[in-house]
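Asker: pasted the sequence and its predicted model underneath.
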Amino acid sequence: MSQPNGVPITANSILPAQRESVTLRTSDGLTLVGELALPADRDPVATIVCVHPLPTHGGMMDSHVLRKMSWRLPALADLAVLRFNTRGTSSAAGASQGTFDCGIGEGLDLHAAIQEVVGRGLPNIWLVGWSFGTDVVLKHGNVDPVQGAILLSPPLRFTTTEELQRWQGGHRRVVALVPEFDDFLPPELAREAFAVAPTIEVVDVPEAKHLWVGERFVSEVLNRIVHVIDSDAPDLPEEWSGPMEKWSDL
């Protein structure tokens, strides 16, 4: 954890972690690229498996909220973060094999990611989907040993009513963080859509938009993720007194 009176954490801050490129192999024979970030000097208290936004519209494992999760949460909250490119998706980390499959084949990708963290013995597994990633999570993530799911800007584009209802009454907590000004499913419509599974918590996030652009909203969504996983966790610090790198795409 950081100490007070450090350097402000900004959009391009990269905090210490053990970072490792990973290769995932799906049950239908595809190879996917990804990265696992672990706390630098302690065991993680929980594990996040990320599923990115729509790859046909630029979504990938480096989409900014997911990248900042991996840059910050291992150091600030002792969380392990696995992010990966679903089939047919490319990023700076490389290209995953296969082709986009409208959330169907991507379920095998998610299961490969879950098996990766299970095989490493990582604890307390949570799924975090963003936009299209929420559909993949809702369609395929209701499996052991997943503890719960956090949905960022869920559009419910590919998820059926029946798939939503399968989460109802189960032991996995599901929280949907819905931006006030979401382009696809704003809070009022989200509450109507999720009404078929009342145990799914729909949380309005004031003034936010679908893409969570701006450090204010990134910080808020990361805080909310940490508090869903551990309600007793403190707010994430805004400063860091230890080593820090700065990301640049130049």
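Answerer: Cool, got the structure. Numbering: from 1, shown residues only.
Asker: CA atoms only: put stretch 98-108 into PDB for me.
Answerer: The C-alpha trace of stretch 98-108 is given here as PDB (Å, rounded to 0.1, in the frame of the first residue of the first chain):
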ATOM      1  CA  GLY A  98      -9.900 -16.800 -34.200                       C
ATOM      2  CA  THR A  99     -12.700 -14.400 -35.300                       C
ATOM      3  CA  PHE A 100     -15.300 -12.400 -33.500                       C
ATOM      4  CA  ASP A 101     -18.300 -14.500 -32.600                       C
ATOM      5  CA  CYS A 102     -20.900 -12.200 -31.100                       C
ATOM      6  CA  GLY A 103     -20.400 -13.400 -27.600                       C
ATOM      7  CA  ILE A 104     -20.800 -17.100 -28.200                       C
ATOM      8  CA  GLY A 105     -17.300 -18.400 -28.800                       C
ATOM      9  CA  GLU A 106     -16.000 -15.700 -26.500                       C
ATOM     10  CA  GLY A 107     -17.500 -17.900 -23.700                       C
ATOM     11  CA  LEU A 108     -14.700 -20.400 -24.300                       C
END
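Asker: list of residues touching it?
Answerer: Under the criterion CB atoms under 8 Å, 6 or more residues apart in numbering, residues 26-28, 30, 51, 55-56, 86-89, 132, 135-136, 139-140, 158-159 lie in contact with stretch 98-108. Backbone N, C-alpha and C define where each C-beta goes, glycine included.
Asker: restricted to strands, list the residues you listed.
Answerer: Counted as lying in strands by DSSP state E, out of the contacts of stretch 98-108, are Val51.
Asker: list only buried entries from the contacts of stretch 98-108.
Answerer: Buried residues within these, counting neighbours by 16 or more other CB atoms under 10 Å: 26, 30, 51, 55, 86-89, 132, 135-136, 139-140, 158-159.
Asker: need the max-distance pair from those residues.
Answerer: Pairwise distances across these (CB to CB) peak at 22.5 Å, for the pair Leu30 and Thr159.
Asker: pretty sure Ser219 is touching Leu236, no?
Answerer: Yes: using CB atoms under 8 Å, Ser219 makes contact with Leu236 at a distance of 7.0 Å.
Asker: give me the pLDDT for the closest residue to Ala40 other than its chain neighbours.
Answerer: Distances taken as CB to CB, 6 or more residues apart in numbering put Pro16 closest to Ala40, at 4.2 Å, once the chain neighbours are dropped. You'll see Pro16 listed with a pLDDT of 98.
Asker: wasn't Pro16 part of a strand?
Answerer: No: using DSSP: H, G, I helix; E, B strand; the rest coil, the secondary structure at Pro16 is coil, not a strand.
Asker: any idea how far it lies from Ser241?
Answerer: Using CB to CB, to the nearest Å, we find Pro16 at a distance of 12 Å from Ser241.
Asker: more neighbours: those two, which one.
Answerer: Neighbour totals were compared for Pro16 and Ser241, and Pro16 leads with 17 against 13 (other CB atoms under 10 Å).
Asker: show me what contacts that one?
Answerer: With CB under 8 Å, 6+ apart, Pro16 has these contacts: Ala40, Pro74, Ala75, Gly242, Pro243, Met244.
Asker: for it, give its distance to Ala37.
Answerer: Distance from Pro16 to Ala37, counting by CB to CB: 10 Å.
Asker: overlap of the contact sets of the two?
Answerer: By CB under 8 Å, 6+ apart, Pro16 and Ala37 have these common neighbours: Pro74.
Asker: any chance you could map the helices in this structure?
Answerer: All helices of the chain, identified by DSSP state H, fall at 64-77, 106-119, 132-140, 161-165, 187-193, 215-229.
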